[in-house]
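build me a structure from this.
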Amino acid sequence: MHKIRIAIVGVGNCASSLVQGIHYYADKAEGDAIGLAHWEIGGYRPSDLEVVAAFDVDRRKVGHDVSEAIFAAPNCTQVFAPDVAKLGVSVRMGRVLDGVSAHMADHDEARTFQVADGLEADRAEVVRVLREARAEVLINYLPVGSEVAARFYAECALEAGCGLVNCIPVFIASDPAWASRFEERGLPIVGDDIKAQLGATITHRMLTDLFARRGVALERTYQLNTGGNTDFLNMLNRERLLSKKESKTEAVQSVAASRLDAENIHVGPSDYVAWQNDNKVCFLRMEGKLFGDVPMNLELRLSVEDSPNSAGVAIDAIRCCKLALERGQGGVLAAASSALMKHPPEQMPDDQAHRALEAFLSG
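Numbering: from 1, shown residues only. This is a model prediction of the structure:
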C-alpha cells in the first residue's frame, strides 16, 4: 500500500501524540494494538501515515525536524514513544493571524507561545509547500479560537488539492458554503472539533442518551473541565470560547430527549491549572427525575491525558479522508464527521453514527 501523506498545522500536544502514535504502532501486531478502534481502514494501518509537511509559529519548533519539535516546549503531553526517528521534515513558519491570543504574553514564556522571528508564510508559500510535498490530507491542530487562521489553511487545502481534517471548533465542515467548495473540488473534509476516544463530551453524550432511553427526565446538567496544557491557557480568553462552547453544548443537547433551557446546561472548559499539564479532569453532574417524579442525580469525575485521547480518533479521520480520495468522493464525509467530531453538519446518536461509519468503511 502507499503511505498517506499528511501535513500538520500546529505542532502542539495533539500533533505530538499523533506522531508518537504513528511510530508506536509501527512494530505492533493487530492483537497487540491496544487503544485503536480500527487497526486497518482501507488497508491502511496507523504506521502508514507519513508526515510530509508541518507548520507552526513557535521559535522552538520552526526550523526543527518534526521528530524534535513534537517534544519542544510548551508541549507537555505524555511521552509514550520517546525514540521517534528523524522524519527529514522541518517545521515551516506558518501564519500567525489570530492563532496566538494576546493574553498569552501575561504568562510564563515556558508555558506559552514564543513567536519566531522572520517572515510569515503567505497563502502562495503554504500552497507551494503542500504541493511540493505531495500532501494528501491537511490536519488542523490550531488553538481554539483561531477563526481566521483556520479559514486561511482551509483555503490553502482547497488550492493545493488536499483533503482536510478539522480538529478544532471553527465551523468549516458544518458551514454549507465551505462544504460545497470542498465538494466542488472533489476533496473530502471531516469536521468539526474532534471527539476524544473517551473524553468529557463523549461520556456526557452517552449518559444523556441513556437518560433519554431509560425514560429519566434530565432537568439540568454541567460539565466542568480543568487542565494545564496550552489549550486550557489559551481558553482563559473567554472570547475565544464562543465556538468551543457551542460545539460542546450542541453535542450534548442533540441527544437529549428534549432540549434543556440555556440556564440549565453548562458545558465547557472551566479553568487552567498549570501543574496538571496535559491531564484533563472533568467534573460532570446530571440531575433528573425517575418514576413518580422521584429526584435523582449523578456525579462523575473523569481524568485523562488530553492529547493521546484524541490521537487515535484523528488517525481514523485521516484514513477516512484517504479512503474518500481513492473513491473520488469529495465534500463532507457525513458518517465520519458524525462519528468522530463534536460539531458535524449532521448530529446522530453515537450508536447510529458508529453504524454509519462502519457502512462507509465497508463501502
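
surely residue 201 and residue 249 touch.
No. With contact defined as Cβ atoms under 8 Å, residue 201 and residue 249 do not form a contacting pair (9.4 Å). Where C-beta positions appear, they are placed from N, C-alpha and C, glycine not excepted.

what comes up buried for stretch 349-363?
Along stretch 349-363, the positions that meet the burial threshold by neighbour count (16 or more other Cβ atoms under 10 Å) are 349, 350, 353, 356, 357, 360, 361.

do the same with stretch 318-336
By neighbour count with 16+ other Cβ under 10 Å, stretch 318-336 contains the buried residues 318-325, 329-336.

just the ones of the residues you listed in helices?
With helices taken from DSSP state H, the overlap with those comprises 318, 319, 320, 321, 322, 323, 324, 325, 334, 335, 336.

excluding chain neighbours, what is closest to residue 59?
Excluding its sequence neighbours, the residue lying closest to residue 59 (Cβ to Cβ, 6 or more residues apart in numbering) is residue 116, at 3.8 Å.

ditto for residue 145
Nearest non-adjacent residue to residue 145 (Cβ to Cβ, 6+ apart): residue 240, at 2.6 Å.

so that neighbour sits in a helix?
Yes. Per DSSP: H, G, I helix; E, B strand; the rest coil, residue 240 lies within a helix segment.

quick one: neighbours of residue 290, just the number.
When neighbours are defined as other Cβ atoms under 10 Å, residue 290 has 12 of them.

how close does it sit to residue 211?
As for residue 290, its distance to residue 211 is 10 Å (criterion: Cβ to Cβ, to the nearest Å).

hmm, back to that, which ones are touching the residue nearest to residue 59?
Contacts for residue 116 (Cβ atoms under 8 Å, 6 or more residues apart in numbering) come out as 57, 58, 59, 62, 63, 93.

could you report the neighbour count for residue 231?
The burial count assigned to residue 231 is 22, neighbours taken as other Cβ under 10 Å.

surely it meets residue 306?
Yes. Using Cβ under 8 Å, residue 231 is in contact with residue 306, at 7.3 Å.

lowest-pLDDT helix or strand in the protein?
Among the helices and strands of the chain, strand 265-272 carries the lowest confidence by mean pLDDT, DSSP states H and E, at a mean of 91.

list the buried residues in the helix or strand that comes right after that one.
Going down the chain from strand 265-272, the next helix or strand is strand 279-289, by DSSP states H and E. The neighbour-count criterion (16+ other Cβ under 10 Å) identifies 279, 280, 281, 282, 284, 286, 287, 288 as the buried residues of strand 279-289.

need phi/psi at residue 107.
The phi/psi pair for residue 107 (degrees, to the nearest 10) reads phi -120, psi 160.

that one against residue 233, yeah?
Yes. Residue 107 is within contact range of residue 233, at 6.3 Å (criterion: Cβ under 8 Å).

show me which of those two is the more surrounded one.
Between residue 107 and residue 233, counted using other Cβ under 10 Å, the more crowded position is residue 233 (22 against 16).

measure the residue nearest to that one when sequence neighbours are not counted to residue 40 for me?
Taking Cβ to Cβ, 6+ apart as the measure, residue 233 lies nearest to residue 272, with 5.1 Å between them; neighbours along the chain are not counted. Residue 272 sits 39 Å away from residue 40, going by Cβ to Cβ.

now, which of the ones in helices among the buried residues of stretch 318-336 sits nearest residue 88?
Using Cβ to Cβ, the shortest approach to residue 88 within these belongs to residue 318, at 19.9 Å.

for the closest one, give me its contacts.
With Cβ under 8 Å, 6+ apart as the criterion, the residues that contact residue 318 are 4, 6, 49, 137, 139, 165.

below-threshold pLDDT in the stretch 151-300 of the chain: ranges please.
For the stretch 151-300 of the chain, applying pLDDT under 70 flags no range at all.

all strands for it, in order.
For the stretch 151-300 of the chain, the strands identified by DSSP state E, counting those that start in this stretch occupy 163-166, 188-190, 217-227, 265-272, 279-289, 295-305, in order along the chain.

as CSV, those with distance to residue 131 would be great.
Compiled in CSV, the strands of the stretch 151-300 of the chain are given as follows (distance: least, Cβ to Cβ, whole Å):
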stretch, distance to residue 131
strand 163-166, 14
strand 188-190, 18
strand 217-227, 37
strand 265-272, 36
strand 279-289, 37
strand 295-305, 35
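
beta partners for the residue nearest to residue 271 when sequence neighbours are not counted?
Leaving aside its sequence neighbours, residue 271 sits nearest to residue 226 (Cβ to Cβ, 6+ apart; 5.0 Å). Taking DSSP bridges as the rule, residue 226 bridges to residue 271, residue 281.
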